[in-house]
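K.L.:
Build me a model from this:
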Amino acid sequence: MSDNVPTPDTQPVRFERLHTAERWWLRVGSLMLIVFLVVVGVDSVYNASMQSHGSQQLATENVASTAPFDKPGTYEAKDGTYDAIVVAYAFGFLPLEDLVVPVDTKVRFHVASLDVVHGFTIPGTTNVNLEVLPGHVSEVTQTFSEPGRYLILCNEYCGSGHHFMTAHIRVLKRGEDPKNPPKLDGTPVANAQEATEAMEKMSNMAGMDHGDSK
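P.N.:
Residues are numbered from 1 along each chain as shown. Have a look, this model is predicted:
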């Protein structure tokens, strides 16, 4: 055998240069992967800041007697934003009447449960979608850019009357007063006495459920 014939161990390693199209596909694929990871990261951070399932602890038996949940409703803050205080129970939401807020105004929802796990969602074009856990206060912030009457649903099965568990939030037009909103034709509005009676009833039920008997 001739000494000039290269063996596999002595042959130089040659790297073939990638075709131009292959290089571009690798670049595009890498860029898409980076964009995907960035979108997932930003979305997770955004949702974490928008929703909270337990930022504040509050025992169910204390909900009806602890401010601000002892008086559910909407309240204007000093900076012009609004706080919507909501109590969920089987099978309804307090306040019984519509929540009322102005259009283009930041609304902070604070929701607590009097009994079991509930949901609090405003379907459609909002990011309001909370799991309301007993013993915790769930919170989310939303700005409504369009006036109208928005449906609120419980999207966590909570018992036989789950499908009856609805409420509404009214977003008023510019110039309308949230403290004295226009009346809705054909829509019954619960009065303060009804809301108080419902709160007392739910408070008593919560006390019985937690074994207050001696």
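
K.L.:
For the chain, which residue occupies the most central location?
P.N.:
By C-alpha atoms, centre = their mean, the chain has its centre lying nearest to Asn129, at 3.1 Å.

K.L.:
how much space between that one and Gly161?
P.N.:
21 Å (C-beta to C-beta, to the nearest Å). No exception for glycine: its C-beta is placed from N, CA and C like everyone else's.

K.L.:
Val117 too?
P.N.:
15 Å.

K.L.:
residue contacts, Val39?
P.N.:
Val39 makes contact with no residue, according to C-beta atoms under 8 Å, 6 or more residues apart in numbering.

K.L.:
Give the rounded mean pLDDT of the helix or strand harbouring it.
P.N.:
Following DSSP states H and E, one finds Val39 within helix 20-50. Average pLDDT, helix 20-50: 78.

K.L.:
before we move on, back to that, which of Val117 and Gly161 has more residues huddled nearby?
P.N.:
Taking neighbours as other C-beta atoms under 10 Å, Val117 and Gly161 compare with Val117 leading, 14 against 11.

K.L.:
can you give me phi and psi for the more buried one?
P.N.:
phi -70, psi 130 (degrees, to the nearest 10).

K.L.:
Surely Lys71 and Ile85 touch.
P.N.:
Yes - using C-beta atoms under 8 Å, Lys71 is in contact with Ile85, at 7.1 Å.

K.L.:
Looking at the two, which one has more neighbours?
P.N.:
Ile85 (22 against 15).

K.L.:
does the more buried one have beta-bridge partners, and which?
P.N.:
According to DSSP bridges, the partner residues bridging Ile85 are Gly73, His110.

K.L.:
Now do the same for it: its pLDDT.
P.N.:
pLDDT, Ile85: 97.

K.L.:
need the contact list for it.
P.N.:
Contacts of Ile85 by C-beta under 8 Å, 6+ apart are 68-69, 71-75, 110.

K.L.:
Any chance of these in a markdown table with distance to Val171 and pLDDT as columns?
P.N.:
Compiled in a markdown table, the contacts of Ile85 are given as follows (distance: C-beta to C-beta, whole Å; pLDDT from 0 to 100):
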| residue | distance to Val171 | pLDDT |
| --- | --- | --- |
| Pro68 | 21 | 94 |
| Phe69 | 23 | 95 |
| Lys71 | 21 | 94 |
| Pro72 | 18 | 96 |
| Gly73 | 15 | 95 |
| Thr74 | 11 | 96 |
| Tyr75 | 16 | 96 |
| His110 | 18 | 96 |
